[in-house]
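Novice: need a 3D model of the following:
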Amino acid sequence: MRKRSVLVLSFLLIAIICFAPLASADELDKIKASGELRIAMSGVYPPFSFINEKNEVVGFDPAIGKEIARRMGLKPVIITITWDGIIAGLLANKFDTVVGSMGITEKRMEVVDFVGPYYRSGRGVFIRNDENYTSLTDLVGKNIGVNAGEVHENFARKQEGWKVITYKGVPELLLEIQNKRIDAFVLDSIPGMMAIKKGGAQIKKMDLPNIEGARLNIGIAIRKNNPNLQAAMQKALDDIMADGTYTKIATEWVGYDIR
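Specialist: Next up is the predicted model:
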């Protein structure tokens, strides 16, 4: 009986060793079999993703996502979803990856893996041009806008005395601050500065060089334990960065190379 138990255990160990690599390759195999790479983003985060006049999702993120899919021999399928449900959607297999300007944090790395980073950004606090706030403590008791589910929401909620209000995207934040329903908002610096550059938003970035999160790596999220998918997407991204395609896309949508 003992000999038989040892044999059974040995067979189980052999099975685990032999089939574990195959299991981790399953997701890439399934994606290739489908012929599509389902790519999620919010669609309300210009210039990274937004809806144009033709009702198309355009911007830096869809351009990068589509190019990664093309280099993997796949058809890109762009899916928009509210940001606060995007990780849950990924884990529920509603799409294959998030190319949506997601900051790489320790908390997120507990539940997803990342390809990249594919650009770097940093936190900014934006106020109306007619305000003279100079420090975070000046915002105590004020209404502060954030996009729901972003790392900036966690930061804002840690600030003592801030009244945090969540929104679904950059356009809402801009509208709310211009209508004086919020006094400031916390956002990645790049989309905030782009709104200023275009001239339509009468806002300015506070001078806070030592703010937490001043530099943040932005990555492409996939479900955990898919090393082959991760490697295939990383190679596609590396090739895009190496041959000038990345610079072309970044210049078109953001105005400069944001690596």
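
Novice: so which bits of the stretch of helix or strand Ala40 belongs to are buried?
Specialist: Using DSSP states H and E, Ala40 maps to strand 36-41. Across strand 36-41, burial judged by 16 or more other C-beta atoms under 10 Å covers 37-41. C-beta coordinates here come from the backbone N, C-alpha and C atoms, glycine included.

Novice: output the below-cut-off pLDDT ranges for the chain.
Specialist: 1-25 (pLDDT under 70).

Novice: just want the most central residue of it.
Specialist: In the chain, the centroid-proximal residue (C-alpha atoms, centre = their mean) is Met102; its distance is 1.8 Å.

Novice: which of the three states applies to that residue?
Specialist: Secondary structure, DSSP: H, G, I helix; E, B strand; the rest coil: Met102 is strand.

Novice: pairing partners for it in the sheet, please.
Specialist: Residues in a beta bridge with Met102, per DSSP bridges, are Gly219.

Novice: so it is in contact with Arg108, correct?
Specialist: Yes - applying C-beta atoms under 8 Å as the test, Met102 and Arg108 come out as touching, 7.2 Å apart.

Novice: any common contacting residues for those two?
Specialist: Counting by C-beta atoms under 8 Å, 6 or more residues apart in numbering, the common neighbours of Met102 and Arg108 are 114, 221.

Novice: which residues does Ile240 contact?
Specialist: Counting by C-beta under 8 Å, 6+ apart, Ile240 makes contact with 64, 67-68, 71, 246, 249.

Novice: quick one: it is in a helix?
Specialist: Yes - secondary structure assignment places Ile240 in a helix (three-state DSSP).

Novice: if I look at it, how far off is Thr105?
Specialist: 24 Å (C-beta to C-beta, to the nearest Å).
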